[in-house]
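Trainee: my questions concern the predicted model and sequence given below.
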Amino acid sequence: MKKANIQYLSYKRLLIYFLFSFLLISCGVSKSVNHIPDVKQYALEIPKVHRINDSTFSYNQNFLTKNKQQLWELYIKGNPLQLGYNNGALTQDLMQKQEGIFFSKIEGFVPSKFKQKLLNAFLKWYNRKMYLNVREDYQAELLGLSQYSSDQYDFIAPKYLRNLYLHGAHDIGHAMQDLAMVGCTSLAVWNENTEDGDMLIGRNFDFYVGDDFARNKLVEFVEPEDGIPYMSVSWPGMIGVVSGMNKEGVTVTINAGKSRIPLTAKTPISLVTREILQYAKNIEEAIAIARKRNVFVSESILVGSAHDKNAVIIEVSPKNFGVYRIQNTSKVFCTNHFQSDVYKDDVRNQKQIEESHSAYRYEKLQELLQEEKKLNPEKMASILRNRSGIKDKSIGNGNEKALNQLLAHHAVIFSPEKKLAWVSSNPYQLGEFVCYDLNEIFSGKGLQRNDFSKSQLNIGRDPFADSQEFKDYEEYRHLSLKISNAIHQKEELTDGFFAHYTSLNPDFWKGYFLVGKYYYHKREYLKAKIQFEKTLTKEITTVPDRKSVEKYLNKTDKKFKKY
């Protein structure tokens, strides 16, 4: 999955889109600005939320609570419009906070008011046909949810459309960032590859919009009036699914692939996977749902099924569709490249395999499964938390070649046959994994707010989270921002500061590269040269990254000789 940071966008490319869309909107092309779904067919009771304490709220059988691991747990039921209202009424403060974090991030990356207006115009134009590709019941749910959105951002779009646009934010960021990827990893194992023969699915969701955005994780349990009850893990204000399992034991997780930039937004991938969970009882039904939806990015959807006791990868893109089915084995791995025959000759996919870190992580999964042949939930958590490179090489904390890149929004483990799910808590996927039993939660017996988790099955916190090495990594991240700001603001930093900085994460290439860029911009070319040469001795993440370092070293050599 791609890292959701706008600093990676190609500004020249975006500017062309902005200007084009600005002209279109000025000419009145975007008629979707006033679109509101018809919800007359749905009965509605405006929720009156009862506040039990600072972290527990209820309305009839719906409620929101925070557990001791700091995960928010939401249980809602009803028709589509009622689901949206119940969700919004219970999570209003969290949802508005999340929206504020997201838009403040954009303001930080695009501080110019003029460029913000262009971005606003672009989004309205780009998303003009999205509602035509979203199910009417999901539009009704979004309308209900949007009643509890903040008034502060109405200048961007009306509340309903803004909520709709936000569900395509991952897809738009994915399309625009092109190669700037941070990669999710997922895997499924069963039969001879697990201790009890039952299926286990694990995934890291490496979607990063900053630490604040990841702080309020939401584990959502939904009983729709129509369809199958399901759970998902995401954030307040999200009705789509990025990681989830339904009561029938169908699971979905998404991993980004290599995309071309489309001309218009269509169906957000998270709403495709939501539909699979709500309406599919097996793999073939999941494939049928995915096949009929028009997406606008390339994505791998790992689908596991208790009924089939199998897992496949559905590979979707704007102009192609494939299904990867494993043969003669009981395990399947998914990183960020396509594996089905349909994409064998796809130039973009081949480039992705050759130049990104996707193939490296895939090989790392193979290595770990050779070492640990029979997995259980604890061993699966250990794989998701693994920070080393191939052959246990130390590649630095935060390296995107690692399965655990120390930026995951969440990690999950599913046991589809047992209907158990484990959800990680902060920091990253290092905190305690909290276990949930969907058989109990959706039993119809009436759920109490302290009945969500099965604490006796929780997976313990990773000792690394309490180590000095982890503290050093967190300091390294903080100082990296300080150096980046110093480069742009031409601030003075000492050689001693840099020596301390690189000692905090000594095997990670990015630290040396950042120090080299500081010295380069200060015209201290000998010091810059030394840092760039050190960078090249480390495990650099991608081919484009290595080329960037080599380019800087080449420019530094020329400057050094000149001076």
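Mentor: Received it, and whenever you're ready, just let me know what you need. Residues are numbered from 1 along each chain as shown.

Trainee: just want the most central residue of the protein.
Mentor: Note on the chain: the residue nearest the mean C-alpha position is F207, at 2.9 Å, using CA atoms, centre = their mean.

Trainee: grab the nearest non-local neighbour of it.
Mentor: Among residues not flanking F207 along the chain, H409 sits closest, at 4.8 Å (CB to CB, 6 or more residues apart in numbering). The way it works is simple: take the backbone N, C-alpha and C, and place the C-beta from them, glycine included.

Trainee: for the one you found, give me its contacts.
Mentor: Shown in contact with H409 (CB atoms under 8 Å, 6 or more residues apart in numbering): F205, D206, F207, Y208, F213, A214, K217, W235.

Trainee: is it true that the residue nearest to the centre of the chain lies in a strand?
Mentor: No: applying DSSP: H, G, I helix; E, B strand; the rest coil, one finds F207 to be coil, outside a strand.

Trainee: is it in contact with V242, as I believe?
Mentor: Yes: counting by CB atoms under 8 Å, F207 does reach V242; the two are 7.2 Å apart.

Trainee: between these two, which contacts overlap?
Mentor: With CB under 8 Å, 6+ apart, F207 and V242 have common neighbours H170.

Trainee: the one helix or strand V219 maps to pairs with which strands, parallel or anti?
Mentor: Secondary structure from DSSP states H and E places V219 in strand 218-224. Strand pairing for strand 218-224, determined by DSSP bridges: strand 72-78 (parallel), strand 230-234 (antiparallel).

Trainee: out of the ones you listed, nearest to N426?
Mentor: Closest to N426 of those is strand 72-78 (CB to CB; 11.9 Å).

Trainee: the closest one - what's its average pLDDT?
Mentor: The average pLDDT for strand 72-78 rounds to 97.

Trainee: for it, output the C-alpha coordinates as CSV.
Mentor: What follows is strand 72-78, C-alpha atoms only, in CSV (Å, rounded to 0.1, in the frame of the first residue of the first chain):
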residue,chain,number,x,y,z
TRP,A,72,-11.9,2.2,20.2
GLU,A,73,-14.6,-0.5,19.7
LEU,A,74,-17.9,0.4,17.9
TYR,A,75,-21.0,-1.7,17.6
ILE,A,76,-23.8,-0.5,15.3
LYS,A,77,-26.8,-2.0,13.6
GLY,A,78,-29.7,-0.9,11.4
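
Trainee: touching it from outside, list them.
Mentor: Applying CB under 8 Å, 6+ apart, the external contacts of strand 72-78 come out as 61-67, 83, 85-87, 90-91, 94, 216-225, 236, 441, 447, 452-453.

Trainee: before we move on, what about stretch 495-514?
Mentor: Taking CB under 8 Å, 6+ apart as the rule, stretch 495-514 contacts 394-399, 472-473, 475-476, 479-480, 483-484, 515, 518, 527, 531-532, 534-535, 538-541, 545, 549, 552.

Trainee: just the C-alphas of that stretch, formatted as PDB.
Mentor: Only the C-alpha atoms of stretch 495-514 are listed here, as PDB (Å, rounded to 0.1, in the frame of the first residue of the first chain):
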ATOM      1  CA  ASP A 495      28.800  17.600  13.400                       C
ATOM      2  CA  GLY A 496      28.200  16.200  16.900                       C
ATOM      3  CA  PHE A 497      24.500  16.400  16.300                       C
ATOM      4  CA  PHE A 498      24.800  14.300  13.200                       C
ATOM      5  CA  ALA A 499      27.100  11.700  14.800                       C
ATOM      6  CA  HIS A 500      24.500  11.200  17.500                       C
ATOM      7  CA  TYR A 501      21.700  11.100  14.900                       C
ATOM      8  CA  THR A 502      23.200   8.300  12.800                       C
ATOM      9  CA  SER A 503      24.200   6.300  15.900                       C
ATOM     10  CA  LEU A 504      20.400   6.100  16.800                       C
ATOM     11  CA  ASN A 505      19.700   3.900  13.700                       C
ATOM     12  CA  PRO A 506      23.100   3.000  12.300                       C
ATOM     13  CA  ASP A 507      22.100   0.400   9.700                       C
ATOM     14  CA  PHE A 508      19.400   2.500   8.000                       C
ATOM     15  CA  TRP A 509      20.500   4.200   4.700                       C
ATOM     16  CA  LYS A 510      18.100   7.100   4.900                       C
ATOM     17  CA  GLY A 511      19.800   8.700   7.900                       C
ATOM     18  CA  TYR A 512      23.200   9.000   6.100                       C
ATOM     19  CA  PHE A 513      21.400  10.200   2.900                       C
ATOM     20  CA  LEU A 514      19.600  13.000   4.900                       C
END
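
Trainee: how about that stretch: buried residues?
Mentor: If you call a residue buried by 16 or more other CB atoms under 10 Å, then stretch 495-514 has these buried ones: 498, 501-502, 504-505, 507-514.

Trainee: kindly report the same for stretch 45-65.
Mentor: Buried residues in stretch 45-65, counted by 16+ other CB under 10 Å: P47, F57, S58, Y59, N62, F63, L64, T65.

Trainee: mind listing the strands for the stretch 101-250 of the chain?
Mentor: Secondary structure of the stretch 101-250 of the chain (DSSP state E, counting those that start in this stretch): strands at 185-189, 200-205, 218-224, 230-234, 243-246, 250-256.

Trainee: so where's the chain uncertain?
Mentor: Within the chain, the stretches with pLDDT under 70 are 1-33, 106-111, 116, 172-182, 259-262, 446-451, 563.

Trainee: D212 contacts I101, correct?
Mentor: Yes: D212 lies in contact with I101 (CB under 8 Å); the separation is 4.8 Å.

Trainee: higher neighbour count, these two?
Mentor: I101 (18 against 14; other CB atoms under 10 Å).

Trainee: residues contacting the more buried one?
Mentor: Contacts of I101 by CB under 8 Å, 6+ apart are V209, G210, D212, F213.

Trainee: before we move on, back to that, buried only: go through the contacts of stretch 495-514 for me.
Mentor: 395-399, 473, 476, 479-480, 483, 515, 518, 527, 531-532, 534-535, 538-541, 545, 549, 552.

Trainee: so which of those are in helices?
Mentor: With helices taken from DSSP state H, the overlap with those comprises 473, 476, 479-480, 483, 515, 518, 527, 531-532, 534-535, 545, 549, 552.

Trainee: what's the angle between the top helix by length along the chain and strand 72-78?
Mentor: Secondary structure of the chain read by DSSP H shows that its longest helix is helix 80-109. Interaxial angle of helix 80-109 relative to strand 72-78 (axes from the mean of the first three to the mean of the last three CA atoms, to 10 degrees): 140 degrees.

Trainee: buried sites along helix 80-109?
Mentor: Buried residues in helix 80-109 (16+ other CB under 10 Å): 80-92, 94-99, 101-103, 105-106.

Trainee: next one: stretch 183-194
Mentor: Buried residues in stretch 183-194 (16+ other CB under 10 Å): G183, C184, T185, S186, L187, A188, V189, W190, N193, T194.

Trainee: give the contact list for the first one.
Mentor: So that's G183. Applying CB under 8 Å, 6+ apart to G183 gives the contacts M1, D206, N255, A256, T335, N336, S356, H357, S358, R361, E400, Q405.

Trainee: wait, N127 sits on H167?
Mentor: No: N127 lies out of contact with H167 (CB under 8 Å); the separation is 9.9 Å.

Trainee: correct me if wrong: N376 contacts E195.
Mentor: Yes: N376 lies in contact with E195 (CB under 8 Å); the separation is 4.7 Å.

Trainee: which parts of the stretch 351-500 of the chain are helices?
Mentor: All helices of the stretch 351-500 of the chain, identified by DSSP state H, counting those that start in this stretch, fall at 358-371, 377-384, 438-441, 468-489, 495-504.
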